[in-house]
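A.B. asks: Need coordinates for the following:
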Amino acid sequence: MADEYGVFSQTELMACAGAHTLADGCSVLVGTGLPMIAAILAQRTHAKNLLIIFEAGGVGPQIPVLPISVGDSRTFYRAVAASSMHSVMSACQAGYVDFGFLGAAMMDPFGNLNTTVIGEWEHPQVRLPGSGGANDVGSLCQRTIIIIRQDARRFVEKVDFITTPGYLDGPGARERAGLPKGTGPFRVITQLAVYDFEEETKRLRLLALHPGVTLEQVKANSSFEIIIPAEVRVLEPPSSEERRLLREIDPLGMVIGK
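C.D. replies: Residues are numbered from 1 along each chain as shown. You can find the predicted model right below:
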């Protein structure tokens, strides 16, 4: 499908799906890249009262253009508070932050995330950036939204390293590990689909397909079995207005242009 901006990209699909996951009046602690773009897009469309929070201490800014990182000065633009990492993480621990919004390099069926190493810890094939605040966010926010490119190398039966806990090994595991009751992964957004987690098993479940994507593609791009319900809806493609706003948010194409 195309409009005046041409055919929409997979990155635009993911950004719009992420924005639609965020509700007006909620709070969200966002990570660098696509989580930022999705949150800013939500704030400029259906969620005018979305409270965006950054790890470095910006609370409630009105972002003029995509920050380079969570510590960029633009994350404090017209903010309601310029606090600190300690204050932000304390708010998460106190249960005040509705959503944590994270990217990842690898995920298992329980939503455990790896951003630390690919391969064995002692002799890794690849060293990744590590946690930053992601472990705190995934451990303490009420719900976690995960945005990740989906293929069989990233959707794995067991992650090489748990950087950020999902549901660990199943129902009740987070609580047994001492994490706040009722917290955990809420949605997973990929270039193929949007997922949630089955309540009984805490395993990944297909919620909706992106336009033009088949169930066969979803299954082929995962190393574990995804729960497929009897009925699966198809999401609407990005609107022309959403695509215009994405270019306004990311004028240099640092993320959307990829």
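A.B. asks: from here on, contacts and neighbour counts on C-alpha atoms
C.D. replies: OK.
A.B. asks: Can you list the low-confidence ranges for the chain?
C.D. replies: Across the chain, the ranges flagged by pLDDT under 70 are 1-2, 5, 258.
A.B. asks: Which stretches in it count as helices?
C.D. replies: Using DSSP state H, the helices of the chain run over 10-21, 34-44, 85-93, 134-140, 173-176, 215-220, 240-249.
A.B. asks: Please produce TSV containing the ones you listed, extended by mean neighbour count and distance to E157.
C.D. replies: Formatted as TSV, the helices of the chain follow (neighbours: other C-alpha atoms under 10 Å; distance: least, C-alpha to C-alpha, whole Å):
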stretch	mean neighbour count	distance to E157
helix 10-21	23	23
helix 34-44	26	25
helix 85-93	17	29
helix 134-140	24	19
helix 173-176	14	17
helix 215-220	14	13
helix 240-249	17	34
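A.B. asks: Pretty sure C16 sits against E242.
C.D. replies: Yes: assessed by C-alpha atoms under 8 Å, C16 is found in contact with E242 at 7.3 Å.
A.B. asks: which neighbours do these two share?
C.D. replies: When contacts are counted by C-alpha atoms under 8 Å, 6 or more residues apart in numbering, C16 and E242 have L41 as shared neighbours.
A.B. asks: and N114, what does it touch?
C.D. replies: A104, A105, M106, M107, V159, D160, F161, I162, T163, T164.
A.B. asks: Which residue comes closest to the fourth one once chain neighbours are left out?
C.D. replies: Meaning M107. L113 (4.7 Å; C-alpha to C-alpha, 6 or more residues apart in numbering).
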